[in-house]
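Chemist: sequence and computational prediction follow.
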Amino acid sequence: MTHSDPSPPAIELRDVTKRFRTPAGSVHTALRRLNLTVAPGEFCAVVGPTGCGKSTTLSLISGLEPASRGEVLVDGGPVRGISEGIAFVFQNDAVFPWKSVLANVAAGPLFRGVPRREAVEQARDWLRRVGLAGFEDRHPHQLSGGMRKRVALAQSLINRPRILLMDEPFAALDVQTRQIMSDELLRLWELTRPAVVFITHDLEEAIALADKVVVLTAGPGTVKATFEVGLPRPRRAQEIRFDAAFVEMYQRIWESLRDEVELAYARTAAAPPSTAEPEKETL
Ligand SMILES: Nc1ncnc2c1ncn2[C@@H]1O[C@H](COP(=O)(O)OP(=O)(O)OP(=O)(O)O)[C@@H](O)[C@H]1O
């Protein structure tokens with residue numbers, strides 16, 4: 001690559017369709033002709049009604065699931081199977097319950113072959129960064145939900161991922177802890193600046209965190225609109241919600257999202273899923 005070449009997007013989905021076979025034997029289209037680009041270091045939030053294919057989008061980026069049609073690229077190369085340099089944080093904590101907090105955070109570097117002493121040193125550093133110095137010897141069940149999230153963040157970020165995929169990571173937390181974790185996430189993200197795809201049902205959370213907010217349609221999901229947030233950084237997620245520009249942005253995005261939420265609701269309140277398609281569509 002020459003110097004004049006712009007660096008490729010961290011993530012690119014080109015005209016991606018994803019179909020699943022349902023237990024009843026029909027074919028369900030979860031995503032249809034979805035296009036999404038996330039630049040290196042960009043924070044992208046994805047919102048959309050329930051069942052519109054948000055988690056499926058993350059599965060495609062991570063390589064857990066192949067696309068039925070279209071292309072999924074990471075760092076300019078096609079995704080074939082699980083890619084390196086991608087970390088996940090889910091709603092449910094993916095911590096090892098039988099390991100101490102320190103051992104949980106050191107697990108990634110150890111797995112990658114970092115010598116034990118160095119891995120433990122790095123883990124201590126990351127626990128300090130997430131505000132858990134002094135809790136190294138605890139086990140996950142001895143922590144609060146917010147503290148477990150901090151462990152999960154340290155566990156992901158210690159591997160310095162180029163891409164961080166987050167699927168409603170704070171949904172199970174109470175409102176106050178959730179807001180504190182938003183600020184924590186922004187502070188930690190600034191340290192290593194991975195490209196982030198952050199899925200949430202909470203539009204306020206999406207705007208407070210992201211550089212851009214992508215609205216998906218009711219299933220089959222495709223991009224309905226993309227909004228550049230443009231609020232200055234560093235941000236205090238807890239305070240920015242009162243900003244006039246924030247409120248205006250919220251109204252604009254909600255305008256776009258509301259119809260999709262209502263459509264998805266009407267479908268589930270009615271009857272059989274309208275996106276289950278007959279066999280003629282191949283997977
Ligand atoms: N492995 C699978 N097999 C069959 N259908 C699937 C599979 N995974 C997802 N689906 C279907 O694809 C659609 C999209 O699912 P997905 O979990 O991506 O939606 P979502 O937007 O993340 O939903 P939510 O907001 O409720 O978490 C849903 O209708 C779901 O039932």
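Modeler: Structure received.
Chemist: quickly list the domain ranges of the chain.
Modeler: 11-85+162-277, 95-160 (automatic domain parsing).
Chemist: tally of neighbours for L31?
Modeler: Using other Cβ atoms under 10 Å, L31 is surrounded by 29 other residues. (Glycine included, C-beta is placed from N, CA and C.)
Chemist: what of the one 5 residues further on?
Modeler: Neighbour count of L36, defined by other Cβ under 10 Å: 23.
Chemist: which ones are touching the closest residue to it other than its chain neighbours?
Modeler: In space, and not counting its chain neighbours, L36 is closest to L13: 4.5 Å by Cβ to Cβ, 6 or more residues apart in numbering. By Cβ atoms under 8 Å, 6 or more residues apart in numbering, the contact list for L13 reads L34, N35, L36, T37, T57, L60, I61, A67, G70, E71, V72, L73.
Chemist: so what's the residue count around the second one?
Modeler: Just to be clear, that refers to N35. N35 has 14 nearby residues by other Cβ under 10 Å.
Chemist: got the CA coordinates for the strand or helix carrying it in CSV?
Modeler: Element membership of N35, judged by DSSP states H and E, is strand 27-38. Coordinates of each C-alpha in strand 27-38 appear next as CSV, following Å, rounded to 0.1, in the frame of the first residue of the first chain:
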residue,chain,number,x,y,z
VAL,A,27,-36.2,-19.5,5.2
HIS,A,28,-36.2,-16.4,7.3
THR,A,29,-34.4,-13.3,6.0
ALA,A,30,-32.8,-11.5,8.9
LEU,A,31,-30.9,-8.9,6.9
ARG,A,32,-31.5,-7.6,3.4
ARG,A,33,-28.9,-5.7,1.3
LEU,A,34,-27.4,-4.0,4.3
ASN,A,35,-24.5,-1.6,3.7
LEU,A,36,-22.4,-0.4,6.7
THR,A,37,-19.0,1.2,7.0
VAL,A,38,-17.1,1.8,10.2
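Chemist: could you dump the domains of the chain into CSV and include mean pLDDT?
Modeler: Output for the domains of the chain, formatted as CSV (pLDDT from 0 to 100):
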stretch, mean pLDDT
domain 11-85+162-277, 92
domain 95-160, 93
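Chemist: would you mind listing what in this protein touches the ligand?
Modeler: Contacts of the chain with the ligand, taken as Cβ under 6 Å from any ligand atom, map to 20, 22, 28, 30, 48, 50-56, 219.
Chemist: now the strands for the chain?
Modeler: Shown for the chain, the strands assigned by DSSP state E span residues 11-21, 27-38, 43-47, 69-74, 77-78, 86-90, 163-167, 195-199, 212-216, 223-228, 276-277.
Chemist: need these in JSON lines with distance to A269, can you?
Modeler: What follows is the strands of the chain, written out as JSON lines (distance: least, Cβ to Cβ, whole Å):
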{"stretch": "strand 11-21", "distance to A269": "23"}
{"stretch": "strand 27-38", "distance to A269": "19"}
{"stretch": "strand 43-47", "distance to A269": "21"}
{"stretch": "strand 69-74", "distance to A269": "31"}
{"stretch": "strand 77-78", "distance to A269": "40"}
{"stretch": "strand 86-90", "distance to A269": "28"}
{"stretch": "strand 163-167", "distance to A269": "25"}
{"stretch": "strand 195-199", "distance to A269": "24"}
{"stretch": "strand 212-216", "distance to A269": "20"}
{"stretch": "strand 223-228", "distance to A269": "21"}
{"stretch": "strand 276-277", "distance to A269": "17"}
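Chemist: and the angle for the top helix by length along the chain with strand 223-228?
Modeler: Longest helix in the chain by number of residues, with DSSP state H as the criterion: helix 244-269. Here helix 244-269 runs at an angle of 160 degrees relative to strand 223-228 (axes from the mean of the first three to the mean of the last three Cα atoms, to 10 degrees).
Chemist: just want the most central residue of this protein.
Modeler: M166 (2.5 Å; Cα atoms, centre = their mean).
Chemist: I'd guessed that residue sits against P194; true?
Modeler: No. Judged on Cβ atoms under 8 Å, M166 makes no contact with P194 at a distance of 10.3 Å.
Chemist: for the nearest residue to R14 once chain neighbours are set aside, list the residues it contacts.
Modeler: Closest residue to R14 apart from its sequence neighbours, by Cβ to Cβ, 6+ apart: E71 at 4.4 Å. For E71, the contact set (Cβ under 8 Å, 6+ apart) comprises E12, L13, R14, D15, V16, P78.
Chemist: many thanks, have a good one.
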